[in-house]
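Undergrad: Make a model of this:
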Amino acid sequence: TPANNQEPRWLFLPVGDHLLVEGVLAAARVGEYTAVSSIGGRQQAGRILGVDRVDFAPVAFYRPDFAGNESLGGLMNRLAVQSDHILVSREFLARNSLQVGDPLRLTIGAAGEFADAPFTIAGPLDLFPTQYPQDGPFFVANLDYLHQALGGAFPYNVWLQTDTAVPTGQIVDGARQLGFTVVTFQDARARILQEQTRPERQGLFGLLSVGFLAAALLTVLGFLVYAVVSFRQRTIQLGMLRAIGLSVGQMAVYLAGEQALVIAVGVGLGTVLGVSASYLFIPFLQVGEGKTAVTPPFVVQIAWEQLAVIYALFVAMFILATLILIALAARMRVFEAVKLGEAV
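TA: Coordinates of the predicted model:
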């Protein structure tokens, strides 16, 4: 019930009832309201996010670099110490020379109602889900404390973690059947799919895939040709080794070791250079329209499971090259190689 009103303007069902909807795995209340600070006679407008610290972590996307490599659980624990604890954008702290533990007073606005609320700064934030530094200072606090300061419960959003196998429309219909009034909804999965199906993205990845396949094919063919030509050029030396008593098995071990060394050095150098180039250049590939297009920044992730497929390809190439060389060594006529060596 808002302050200075006898009758409630809104009716709220328990947020836990969302778990009765098929496909909903977790639910959390998240209220977004206006916040105005007045420090040194200067007012600064921003946004404040009220969260249920226990329920928020399962439904939110979070990266440790959002808050100086601190986990989301650690941030929620900071809010749990005292109800008036608040997380503040790092830029706001630096601009106003504030530190953790300092008091902060904000004017909270929700649905036309305003109230002054005292807070204690519990920690800094660089980024937070749905909040962008480009839009001004942002804050994260306990939702119940915000409602207490405002004099009652005010409208909030409900964030859901859902089963990917259940369509979004079915979840919305299920919520409405339980009595929830769904005014609007956003589907993160649909937005991700929309971005993944953009023509320019598909074209870029298609070009990269074709380039990789062509490079892999040429690498395999080039290595096999090198192995055979190198064997032919060293026929005399290998024949002399056979003549002084080197068996076919020992010859196979010698040739296999040589090919393994070449492949290992190539794969090792390629991996080091590729990973280094990724960390060096990929952050500069983030482009887009709008002031928040490059927020949050790219995080370089190496697809080691796909690299394992490439390594398996090189292992297969090594086995094939070794078998070819062993077959050539077994068919080698030692006396011809020795006579050819005498002629040379």
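Undergrad: May I ask which helix or strand encompasses residue 119?
TA: Secondary structure assignment for residue 119, by DSSP states H and E: strand 113-125.
Undergrad: partner strands of that strand, parallel or antiparallel?
TA: Sheet pairing of strand 113-125 (DSSP bridges) gives strand 85-89 (parallel), strand 103-110 (antiparallel).
Undergrad: now those strands as a markdown table including distance to residue 309?
TA: Just so you know, the C-beta spots here come from the backbone N, C-alpha and C atoms, and that holds for glycine as well. Conversion of the strands paired with strand 113-125 to a markdown table gives the following (distance: least, Cβ to Cβ, whole Å):
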| stretch | distance to residue 309 |
| --- | --- |
| strand 85-89 | 42 |
| strand 103-110 | 52 |
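Undergrad: and of these, who's closest to residue 320?
TA: Closest to residue 320 of the strands paired with strand 113-125, according to Cβ to Cβ: strand 85-89, at 57.6 Å.
Undergrad: Pull up the distance across stretch 96-112, start to finish.
TA: Terminal residues of stretch 96-112 are spaced 28 Å apart (Cα to Cα, to the nearest Å).
Undergrad: Residue 260 contacts residue 318, doesn't it?
TA: Yes - using Cβ atoms under 8 Å, residue 260 makes contact with residue 318 at a distance of 6.2 Å.
Undergrad: So which of those two has more stuff around it?
TA: residue 318 (19 against 14; other Cβ atoms under 10 Å).
Undergrad: That one belongs to a helix, doesn't it?
TA: Yes - Residue 318: assigned to a helix according to DSSP: H, G, I helix; E, B strand; the rest coil.
Undergrad: Test my guess that it contacts residue 257.
TA: No - if you go by Cβ under 8 Å, residue 318 and residue 257 don't touch, sitting 10.8 Å apart.
Undergrad: before we move on, the earlier item: okay, the strands paired with strand 113-125, which one's buried deepest?
TA: Stretch with highest mean neighbour count among the strands paired with strand 113-125: strand 85-89 (a mean of 24; mean count of other Cβ atoms under 10 Å).
Undergrad: what's the offset of it from the middle of its chain?
TA: Computed by Cα atoms, centre = their mean, to the nearest Å, the separation of strand 85-89 from the middle of its chain amounts to 25 Å.
Undergrad: likewise stretch 87-94?
TA: Centroid separation for stretch 87-94 versus its chain: 24 Å, with Cα atoms, centre = their mean.
Undergrad: what about residue 314, helix or strand, and which?
TA: Residue 314 is located in helix 304-330, with elements delineated by DSSP H and E.
Undergrad: in that helix, what counts as buried?
TA: Within helix 304-330, the residues scored as buried using 16 or more other Cβ atoms under 10 Å are 310, 314, 317, 318, 321, 322, 324, 325, 326, 328, 329.
Undergrad: That one - contacts with which helices or strands?
TA: Applying 3 or more Cβ pairs under 8 Å, 6 or more residues apart in numbering; DSSP states H and E, one finds that helix 304-330 makes contact with helix 199-233, helix 248-281.
Undergrad: just the angle between it and helix 248-281, please?
TA: For helix 304-330 against helix 248-281, the angle by axes from the mean of the first three to the mean of the last three Cα atoms, to 10 degrees is 150 degrees.
Undergrad: in stretch 153-169, what's buried?
TA: For stretch 153-169, by 16+ other Cβ under 10 Å, it's 153, 154, 156, 157, 158, 159, 160, 162, 168.
Undergrad: how about those residues in TSV, adding secondary structure, distance to residue 81 and pLDDT?
TA: Converted to TSV, the buried residues of stretch 153-169 look like this (DSSP: H, G, I helix; E, B strand; the rest coil; distance: Cβ to Cβ, whole Å; pLDDT from 0 to 100):
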residue	secondary structure	distance to residue 81	pLDDT
153	coil	23	89
154	coil	24	92
156	coil	23	92
157	strand	25	92
158	strand	26	93
159	strand	23	94
160	strand	28	93
162	strand	31	92
168	helix	37	90
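Undergrad: in this structure, what secondary structure element scores lowest on mean pLDDT?
TA: Least confident helix or strand of the chain, by mean pLDDT, DSSP states H and E, is helix 334-343 with a mean of 53.
Undergrad: picking up where we left off before, just give me the least confident of the buried residues of helix 304-330.
TA: Lowest in pLDDT among these is residue 329, which has 75.
Undergrad: which SS state does residue 186 fall under?
TA: Residue 186 - assigned by three-state DSSP - is coil.
Undergrad: That one and residue 130: what is the separation?
TA: The gap separating residue 186 from residue 130 is 10 Å, by Cβ to Cβ, to the nearest Å.
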